[in-house]
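> need a 3D model of the sequence below.
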Amino acid sequence: MTSEYRTAAVIKGQMSKFSGIIAKDLSKPKQRLIREMVYGIQAAKDIKLSNIVRALKESIPFIKTEDRLSRNLDDEDFTAEINNQICRLGNTKVMDDMVIAIDPGDIRKRHASRMEYLCKIHDGSEYEIGEGY
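Just a heads-up that it's a prediction; the model follows:
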């Protein structure tokens, strides 16, 4: 076993554990969907379904895997359950005396000239004024 294979197996195991925790209250097929989506997004470094399917490298035809994932994603909205589990996990880390600061940041649109509601913003990354939100 090479060290790369071992590292990949450890990472896949950690992602499987995390996805099992956040999908705890969902049915088995939905838990599998969450596990495959989390792994596929990380492996593909993309959120497009076709790239996620390619990253999964299943032995069945590509289109069948894509249809299955698409059908399961379209079936129901399970964001509330996942958000509840993530809040439950983070609940122990946030104390009463902590300050939660939200930075709305800026979104610079370098090449956009006709987008609605563009205005002058300060780009914190480049320390200059530009068009954006």
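
> and the lengthiest helix in the chain, what's buried?
Longest helix in the chain by number of residues, with DSSP state H as the criterion: helix 3-22. Using 16 or more other Cβ atoms under 10 Å as the test for burial, helix 3-22 gives Met15, Ser16, Ser19, Ile22. Where C-beta positions appear, they are placed from N, C-alpha and C, glycine not excepted.

> so who does the first one touch?
It refers to Met15. Neighbour list for Met15: Arg35, Val38, Tyr39, Gln42 [criterion: Cβ atoms under 8 Å, 6 or more residues apart in numbering].

> I'd like to know which of the residues you listed is nearest to Asp77.
Val38 (17.3 Å; Cβ to Cβ).

> and the helices in the protein?
Counting by DSSP H, the chain has helices at residues 3-22, 28-44, 49-56, 62-75, 79-91.

> quick check: angle from the longest one to helix 79-91?
It stands for helix 3-22. 110 degrees (axes from the mean of the first three to the mean of the last three Cα atoms, to 10 degrees).

> same question for the fourth one.
Taking the same axes, to 10 degrees, one finds helix 62-75 and helix 79-91 inclined to each other by 80 degrees.

> nearest to Asp123, out of the helices of the chain?
Taking Cβ to Cβ, helix 28-44 is the member of the helices of the chain nearest to Asp123, at 27.5 Å.

> circling back: could the helices of the chain go into TSV alongside distance to Glu126 and mean pLDDT?
Rendered in TSV, the data for those read as follows (distance: least, Cβ to Cβ, whole Å; pLDDT from 0 to 100):
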stretch	distance to Glu126	mean pLDDT
helix 3-22	33	86
helix 28-44	28	90
helix 49-56	29	91
helix 62-75	36	90
helix 79-91	32	88
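
> what residues go with each domain of the chain?
What automatic domain parsing lists as the domains of the chain is 3-91, 103-133.

> how close does Ser27 sit to Asn72?
10 Å (Cβ to Cβ, to the nearest Å).

> okay, the two: which has more neighbours?
It is Asn72, of Ser27 and Asn72, that has more neighbours when counted by other Cβ atoms under 10 Å, with 17 against 11.
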